[in-house]
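**Student:** Sequence isn't available, so here's the structure alone:
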């Protein structure tokens, strides 16, 4: 099976620190669409080494850390693979994400500045509802940015750290399902309602809408997604 080619740029010699290598690899892994293929994406140490312009030893050290955090798994004589979750695990992750993101929405209404909240509306200013499906890749990227922004605007570092390990899988599942049925059009409607609740500082409404939005994804996965079987 060919190895997954991560989007990496060389690290300058002066920057070769364990934490920098780890963060660069983690960021690249989080950008991979894990569920675009039936098998777990395999990582090639040689390719990673060449892409970053460093030796394999710090690559291996970073991979060990990423495995401890559940991002990858190593198989003797086969190499390292980006972890692909089962259907049951994905449904549990969506449930936990719904709890974290809805609390983030609640915190936004209490602590975020008006200008920060307004950035959410500007994300979707370029999309008309009728053209979302025609620009599905662009909308999908904006959708991911929106959900990440909800977490970041909460100003809760611990909440963001808890969500971090879920993000790589939530991102991939959203990418794979956003074009299904009428999910894209419904998504932009949901987002507008969420933004309106945030702008009006309606704490309970914002929390509820964000939770329902995520749980709707869970229902869709339960009823229609087959690539996790």
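**Tutor:** Nice, thanks for sending it over. The shown structure was predicted, so the numbers you read here are calculated from the model rather than taken from an experiment.

**Student:** got a list of what residue 126 touches?
**Tutor:** By C-beta atoms under 8 Å, 6 or more residues apart in numbering, the contact list for residue 126 is empty. Using the backbone N, CA and C atoms, a C-beta is placed for each residue, glycine as well.

**Student:** Okay, now the sheet partners of the strand or helix carrying residue 74, with direction.
**Tutor:** Using DSSP states H and E, residue 74 falls within strand 72-75. Strand pairing for strand 72-75, using DSSP bridges, gives strand 79-82 (antiparallel).

**Student:** Quick check: buried residues in the strand it pairs with?
**Tutor:** By 16 or more other C-beta atoms under 10 Å, the buried positions in strand 79-82 come out as 80-82.

**Student:** just how off-centre is stretch 112-132 within its chain?
**Tutor:** Distance of stretch 112-132 from the chain centroid (C-alpha atoms, centre = their mean, to the nearest Å) equals 19 Å.

**Student:** oh sorry, the question was meant for stretch 50-64
**Tutor:** The answer for stretch 50-64 is 24 Å, by C-alpha atoms, centre = their mean.

**Student:** hmm, who's touching it?
**Tutor:** So stretch 50-64 is contacted by 6, 8-12, 16, 18, 21-22, 24-25, 43, 45-46, 48-49, 72, 74, 80 (C-beta under 8 Å, 6+ apart).

**Student:** who's in contact with residue 175?
**Tutor:** The contact partners of residue 175, by C-beta under 8 Å, 6+ apart, come to 33, 35-36, 140, 144.

**Student:** Show me the shaky parts of the chain.
**Tutor:** Residues of the chain meeting the criterion pLDDT under 70: 11-16, 129-130.

**Student:** List the buried residues in the longest helix seen in it.
**Tutor:** Of all the segments of type helix in the chain, defined by DSSP state H, the longest one is helix 87-111. For helix 87-111, a neighbour-count test (16+ other C-beta under 10 Å) marks 90-91, 93-94, 97-109 as buried.

**Student:** Residue 197 and residue 100, how far apart?
**Tutor:** From residue 197 across to residue 100, the span is 18 Å (C-beta to C-beta, to the nearest Å).

**Student:** And for residue 38?
**Tutor:** Computed as C-beta to C-beta, the residue 38 to residue 100 distance reads 29 Å.
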